[in-house]
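> Requesting a structural model of the entry that follows:
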Amino acid sequence: MSRTREVITGHIGLLLAGSAAYSMSTLFSAMKPVLLTRFVEENGWSDGLAGVAVAMPFVGIALASLLASTLAVRFSLRALALGLGGILITAEVVSALAPGSVEVILLAQLLGGIAVGVLMGSCSRIIATQRTPGPLFGMVDMIAVLLMSSMIALIGAAVQLRGLAGGYGAAAGVALVLTIAMLAFRDSTPKSNTQRMAKPLVFSARALATVLMAVIFVTCSGLGFTYMFTVAQNLGMTYAEAGRGIGLLLLVSAGACLAGGWVSSRVGPVRPLAVAFFACAMGWYCVIHAGSALQFYVALVPAIFSLQFNFPVLLDLAGSLDEDGRWGAISAPLQTSGFAWAAILAGWIVGRYGIDALPIATGFGMAICLGLLVPIARFRHHHLHVSAVR
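Predicted coordinates:
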């Protein structure tokens, strides 16, 4: 308990900034299911076009990985928060003013996603260079997940009152609050960054395997999320009933984020990741093949908790790849983009092979992650051995 208090009190500003940056990405997640339906109802868009519109912020987050590591060492987090937070707020306001324009929505949401991706990467780089990165990643991820429940309710209520314009207007207000929260961290651009920028980023097999594993895990573990309500309805549950149960599980699962960060700091990332990969595959298999509501909810526990548990572990692992945390800055937005690829891939799989194919695809993805974990573990063991000798 004293260790937890020490981590919190020593990094209050960083926790606020990191939680705000990560909450910007969960804001997109909260908007996705509500706006997906509303685009079809209000604008008459096809399901495919609506899907692209709600996935566009995550595409932007993925593209931000090309900029994050460079901008994170050139500018202070406060400067990035002011500039990129302003871009995000503007993107949501513009979307609220022209919710029926395909071009405006796609471009504005793409730019907003890029802004959020860079901010996530910048915060991840700073956290990765701290003495206790695992618990810090767990805390910021936990807070972002907790806030997502209230953001879903807020966006839903705004859309109910004012349609798409109300939803994007509410998102602009949330973005403003989160941007202000990021300013709580008063960092400055270190003088050593001049030398750091001169050093080229080292691409290694371990680094590439780590980032690839993170993207594959988030993508494949998210396949079942897209069709959770479909499975629930097939079991005789109403949308409202399933929403209450799933919402409660998501709220409680926030604790798994904190657990993942602490476990990673104590026993390392390899064994926890391996266990969570297996739990994820088994959980989603049981969810899709559940024969009752009770079986459905019980199976969702390992399915959902494994994602929340692994997210900070994967961030911690990526942040340990270099002393400046630049790989952490690259990995964070790419890892988060897995939520977009999951929705796209799940739709293709179900349309072609049916919903029963989802757990097969998830299991295949987890097997790939386990395969990538083997060389990562070997490289990590070698690195630790060399460090100990030195």
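> In the stretch 1-150 of the chain, where is pLDDT below threshold?
1-10 (pLDDT under 70).
> redo that, cut-off 90
Within the stretch 1-150 of the chain, the ranges that satisfy pLDDT under 90 run 1-15, 18, 25-26, 29-41, 44-55, 58-59, 61-78, 121-150.
> for it, what spans make up the helices?
2-10, 12-38, 47-63, 65-74, 77-97, 102-128, 133-182 (DSSP state H, counting those that start in this stretch).
> now, of these, which is deepest in the fold?
helix 102-128 (a mean of 26; mean count of other C-beta atoms under 10 Å). Yep, even glycine has a C-beta here, placed from its N, CA and C like the rest.
> thinking again about what came up before, okay, the helices of the stretch 1-150 of the chain in TSV with distance to A299 next?
Formatted as TSV, the helices of the stretch 1-150 of the chain follow (distance: least, C-beta to C-beta, whole Å):
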stretch	distance to A299
helix 2-10	31
helix 12-38	21
helix 47-63	26
helix 65-74	33
helix 77-97	36
helix 102-128	30
helix 133-182	20
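> do you know which of those helices lies nearest A318?
Of all the helices of the stretch 1-150 of the chain, helix 102-128 sits nearest to A318, with 7.6 Å by C-beta to C-beta.
> Who are the contact partners of C123?
By C-beta atoms under 8 Å, 6 or more residues apart in numbering, C123 lies in contact with L14, A17, G18, A21, Y22, L77, V140, A332.
> What distance do you get for it to L16?
10 Å (C-beta to C-beta, to the nearest Å).
> Quick check, pLDDT for the residue nearest to the spatial centre of the chain.
Against the mean C-alpha coordinate of the chain, by C-alpha atoms, centre = their mean, the closest residue is T336 at 3.6 Å. With respect to pLDDT, T336 scores 82.
> Helix, strand, or coil at V211?
Counting by DSSP: H, G, I helix; E, B strand; the rest coil, the backbone at V211 sits in helix.
> what's the neighbour count on the closest residue to it other than its chain neighbours?
Nearest residue to V211 in three dimensions, chain neighbours excluded: S331, at 4.9 Å (C-beta to C-beta, 6 or more residues apart in numbering). For S331, the count of nearby residues is 31 (other C-beta atoms under 10 Å).
> S331 contacts D316, doesn't it?
No: the pair S331 / D316 is not scored as a contact, 10.2 Å apart, by C-beta atoms under 8 Å.
> hang on, the earlier thing: my read: the residue nearest to the centre of the chain touches V215, true?
No: the pair T336 / V215 is not scored as a contact, 9.4 Å apart, by C-beta under 8 Å.
> Show the contacting residues for the residue nearest to the centre of the chain.
T336 touches S25, F58, I61, G117, M120, V218, counting by C-beta under 8 Å, 6+ apart.
> make it 10 Å
Shown in contact with T336 (C-beta atoms under 10 Å, 6 or more residues apart in numbering): 22, 25-26, 28-29, 57-58, 61-62, 64-65, 113, 116-117, 120-121, 214-215, 218, 311, 315.
> One more: I344?
G48, G51, V52, A55, F58, V59, T219, T226 are the contacts of I344 under C-beta under 10 Å, 6+ apart.
> Kindly report the same for G121.
21, 61, 64-65, 67-72, 80, 325-326, 328-334, 336.
> next SSE after the helix or strand harbouring F309?
Element membership of F309, judged by DSSP states H and E, is helix 293-319. Helices and strands here follow DSSP H and E; after helix 293-319, the next one along the chain is helix 326-336.
> and the angle for that following helix with helix 47-63?
170 degrees (axes from the mean of the first three to the mean of the last three C-alpha atoms, to 10 degrees).
> chain center to helix 326-336: distance?
10 Å (C-alpha atoms, centre = their mean, to the nearest Å).
> So for the very next helix or strand once past that helix, what gets flagged as buried?
Helices and strands here follow DSSP H and E; after helix 326-336, the next one along the chain is helix 338-353. By neighbour count on 16 or more other C-beta atoms under 10 Å, the buried set for helix 338-353 is G338, F339, A340, W341, A342, A343, I344, L345, A346, G347, I349, V350.
> hmm, back to that, would you quantify the distance from the residue nearest to the centre of the chain to H289?
For T336, the distance to H289 - C-beta to C-beta - is 29 Å.
> just G363 next, same as before
On the measure of C-beta to C-beta, G363 and H289 end up 12 Å apart.
> Give me the more crowded residue out of these two.
Set side by side, G363 and H289 show more neighbours around G363, with 18 against 13, by other C-beta under 10 Å.
> Isn't that one up against C220?
Yes: applying C-beta atoms under 10 Å, one finds G363 in contact with C220, separated by 8.5 Å.
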